[in-house]
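Chemist: Have a look at this prediction, sequence included:
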Amino acid sequence: MPLTEETTTEELQCDYLVVGAGTTGMSFVDTILTENPKATVVIVDKNSQPGGHWTKAYSFVQLHQHSCSYGVNSLPLGKHLDRKGNEVYDVNDRATGAEILEYYRTVCNTFEASGRVRCFFDAAYEFDKTHSKHTIVVASNATITKHPITVKCGKLVTVTSGGSISVPSDRAPLIPVHESVSFVPINDMPSSVKSGKYSKYVVFGNGKTGVDAITNLLFDHRIDQSQITWIISRDVWYFLRDTMDADLFKYMGLFTKIASAKSIKEGFLTYEADGVMVRLDPKRPYPEVWKGPTIDSKDLDAMRSIQNVVRMGRATSIEANKIVLDCGSIEFSSHDTLLVDCMVDSEVTLGQHFDEDHKIFEPERINLGPLISLLSASLSAAVVAFLECAIKGDDDEAKNDCCYFLRGKYQRTPNPLVGSIYMDAKTNDALMKVKGGLKFLMNSRTNAFAPQHQKGGMLGVLWAMFGPNQMYKFPTALIKKVESKGYEDIDHCFGIETLGPKHEKGARQPRRVSRPSMSGMR
């Protein structure tokens, strides 16, 4: 249907009403516009610009991994290009937060220039159940009044993380904090350090944000390690960027060893031996936590230089001169100490927590959010949009049958990483059976394994798949391993068993897989 605005009735009409202009929503819209030349879209977002969580990120943030497959299919983000202008896989080519925001502004402007998309920012989406009416409420900067717009849409598209994840700058402290204490989100850390008020620093958290806080203090502000206290509730595994650097397929060849491991623990210890994964202190017990951050050797050496590391569990409160933790407390001087909030408010891995009956495709609705491509929100959303266009009609069941993702509540243990690789393999296998599915994957810039990103192009991909490494065998081997309960330390199939006999039976049939199952490490 055409995108029209009736000013007399304040009503818009569109095919898709998309709530959320972050990475997921923008990638979905981009692919919809490409795959369906007639589709029209209305985008509504509560933020003042596109970019989702990047709009609230700290000033020194950047991607932890490569830019070449992040964002939308139609616009490059990476700076490392080959002679043909294609983005080349390069783990050191990582966009900054500011560059990502500018990128999404450009994407949004391109959308609107097509005449098929209308974008509303500083706006809220509301739904009137009684009258089944979709409404956008826009706040006018000039009058500070609300301007409601009714939207008639073919489908509502929403985005959910599947959890209650929020960034520190966008929420109140997770624990009680005494009013005399300087407890700030990481966004305020640089200005606080430059103020000169503080000579000591306490960082809470050791995930991606916590690591960024530590390295920023050490490298950018030249703070001596003796001035830093690092509160680590639990030790975690990190991806090591150095190993990824030389050759993506060589790196993934190391990754495939998980299919032959007797247990997830054995697999992670093999990853550690091969330099795929690292931990802060190899002498300590095996970390039971994996959150997905990526570091390089320089970061690791800096992190290991911190001598005052506190491992007493999570902080439960902060008093005037004392930090109370699960297993004790530590004293500090509130007048010259800056406390930096890098804590997380969810124990759900990757921010994912989807019920067993969650469906991406429903009548008149698409529920974006589950990661059906490994660690890649960009490719996951693009694949969903492709399926929406490739499988004609309202056959939601057929579309859902191509979307595999973790179901149920999974803690941040190493196990869900293997589950995510497994779901990625299942999704890709199903996608291969959809007309145009293989071509879409091979031509998608949001797919890190696409030939356009590899130095050897298609020949390099074919060599990795069918050469000495025989990587084409890995997805089938992993699927068999998981579904036969072949790991000693897990007794389930990460929720796929809840989908019914059709999926159980179909999952055990011989598989034709034409490329590695890892779609895009983010």
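Modeler: All right, it came through fine. Numbering: from 1, shown residues only.

Chemist: doesn't residue 329 fall inside a strand?
Modeler: Yes. Assessed with DSSP: H, G, I helix; E, B strand; the rest coil, residue 329 lies in a strand.

Chemist: any idea what sits nearest it, other than its immediate chain neighbours?
Modeler: Counting by C-beta to C-beta, 6 or more residues apart in numbering, residue 329 lies nearest to residue 322, which is 5.3 Å off, once chain neighbours are set aside. C-beta: built from backbone N, CA, C; applies to glycine.

Chemist: where in the stretch 101-250 of the chain is pLDDT low?
Modeler: Along the stretch 101-250 of the chain, segments meeting pLDDT under 70 span 140-146, 161-166, 246.

Chemist: ok, 80 please
Modeler: Regions of the stretch 101-250 of the chain meeting the criterion pLDDT under 80 cover residues 130-132, 139-147, 161-170, 245-250.

Chemist: Ok, the stretch 351-500 of the chain next?
Modeler: 351-353, 355-356, 408-412, 460, 463-464, 469, 495-500.

Chemist: for it, what spans make up the strands?
Modeler: Using DSSP state E, counting those that start in this stretch, the strands of the stretch 351-500 of the chain run over residues 361-362, 365-368, 408-411.

Chemist: Tell me how many other residues surround the residue nearest to residue 329.
Modeler: Applying other C-beta atoms under 10 Å, we find 15 other residues in the vicinity of residue 322.

Chemist: same thing with residue 333?
Modeler: Using other C-beta under 10 Å: residue 333 sits among 9 other residues.

Chemist: Relative to residue 200, how far out is it?
Modeler: Applying C-beta to C-beta, to the nearest Å, one obtains 7 Å for the distance of residue 333 from residue 200.

Chemist: what residues are shared contacts of those two?
Modeler: Residues touching both residue 333 and residue 200 (C-beta atoms under 8 Å, 6 or more residues apart in numbering): none.

Chemist: List the contacts of the closest residue to residue 139 other than its chain neighbours.
Modeler: Nearest residue to residue 139 in three dimensions, chain neighbours excluded: residue 122, at 5.2 Å (C-beta to C-beta, 6+ apart). For residue 122, the contact set (C-beta under 8 Å, 6+ apart) comprises 46, 47, 48, 138, 139, 141.

Chemist: and which of those residues is nearest to residue 10?
Modeler: Taking C-beta to C-beta as the measure, residue 10 sits nearest to residue 138 out of the contacts of residue 122, at 10.3 Å.

Chemist: correct me, but the closest one touches residue 125?
Modeler: No. Using C-beta atoms under 8 Å, residue 138 makes no contact with residue 125, being 10.7 Å away.

Chemist: Compare those two (neighbour count), which wins?
Modeler: Set side by side, residue 138 and residue 125 give different neighbour counts by other C-beta under 10 Å, the larger being at residue 125 (20 against 16).

Chemist: OK, contacts around the more buried one?
Modeler: Residue 125 touches 17, 19, 44, 134, 135, 136, 137, counting by C-beta under 8 Å, 6+ apart.

Chemist: again with residue 398
Modeler: Residue 398 sits next to residue 391 when contact means C-beta under 8 Å, 6+ apart.

Chemist: and if you look at residue 218?
Modeler: Residue 218 is in contact with 225, 228, 302, 305, counting by C-beta under 8 Å, 6+ apart.

Chemist: For the stretch 301-450 of the chain, just list every one of the helices.
Modeler: Along the stretch 301-450 of the chain, counting by DSSP state H, counting those that start in this stretch, helices occupy 377-390, 396-400, 415-432, 437-443.

Chemist: Buried residues, the last one. List them.
Modeler: Within helix 437-443, the residues scored as buried using 16 or more other C-beta atoms under 10 Å are 437, 440, 441, 442.

Chemist: Residue 266: how many residues sit nearby?
Modeler: A count of neighbours around residue 266, defined by other C-beta under 10 Å, yields 16.

Chemist: Look up phi and psi at it.
Modeler: Reported as degrees, to the nearest 10, the phi and psi values for residue 266 are phi -60, psi -40.

Chemist: And it, how close does it get to residue 414?
Modeler: Counting by C-beta to C-beta, the gap from residue 266 to residue 414 is 11 Å.

Chemist: is it fair to say residue 283 lies in a helix?
Modeler: No. According to three-state DSSP, residue 283 belongs to no helix; its state is coil.

Chemist: That one: how many residues sit nearby?
Modeler: 5.

Chemist: and the gap between the residue nearest to residue 329 and residue 255?
Modeler: 44 Å.

Chemist: Then residue 120?
Modeler: According to C-beta to C-beta, residue 120 and residue 255 sit 42 Å apart.

Chemist: The two: which is more packed in?
Modeler: Neighbours per residue (other C-beta under 10 Å) separate residue 120 from residue 255, with residue 255 holding more: 26 against 20.

Chemist: wait, that one sits on residue 275?
Modeler: No. The pair residue 255 and residue 275 does not pass the contact test of C-beta under 8 Å, sitting 11.4 Å apart.

Chemist: any chance you could map the strands in the stretch 1-150 of the chain?
Modeler: 4-6, 11-19, 41-44, 117-120, 123-128, 133-139, 146-159.

Chemist: Not counting sequence-adjacent ones, nearest residue to residue 374?
Modeler: residue 424 (4.0 Å).

Chemist: give me the element residue 238 is part of.
Modeler: strand 236-240 (DSSP states H and E).

Chemist: Give me the contacts around the next helix or strand after that strand.
Modeler: The C-terminal neighbour of strand 236-240 among helices and strands, as given by DSSP H and E, is helix 241-245. Residues outside helix 241-245 that contact it (C-beta under 8 Å, 6+ apart) are 64-65, 91-92, 251, 254, 274-276, 294-297, 521.

Chemist: May I see the buried residues of helix 241-245?
Modeler: By 16+ other C-beta under 10 Å, the buried positions in helix 241-245 come out as 241, 242, 243, 244.

Chemist: How about stretch 229-239?
Modeler: Buried residues in stretch 229-239, counted by 16+ other C-beta under 10 Å: 229, 230, 231, 232, 233, 235, 236, 237, 238, 239.

Chemist: Pretty sure the fifth one sits in a helix.
Modeler: No. The secondary structure assignment for residue 233 gives coil rather than a helix, going by three-state DSSP.

Chemist: Quick check: it vs residue 287, distance?
Modeler: For residue 233 relative to residue 287 (C-beta to C-beta), the value is 12 Å.

Chemist: what's the burial count for residue 277?
Modeler: Residue 277: 24 surrounding residues under other C-beta under 10 Å.

Chemist: which residue packs closest to it, ignoring adjacent ones?
Modeler: residue 271 (4.0 Å).

Chemist: a strand runs through that neighbour, doesn't it?
Modeler: No. Under three-state DSSP, residue 271 falls outside any strand and is assigned helix.

Chemist: Now do the strands in the stretch 201-350 of the chain.
Modeler: All strands of the stretch 201-350 of the chain, identified by DSSP E, counting those that start in this stretch, fall at 228-231, 236-240, 277-279, 289-295, 309-310, 315-318, 322-325, 328-331, 337-341, 348-354.
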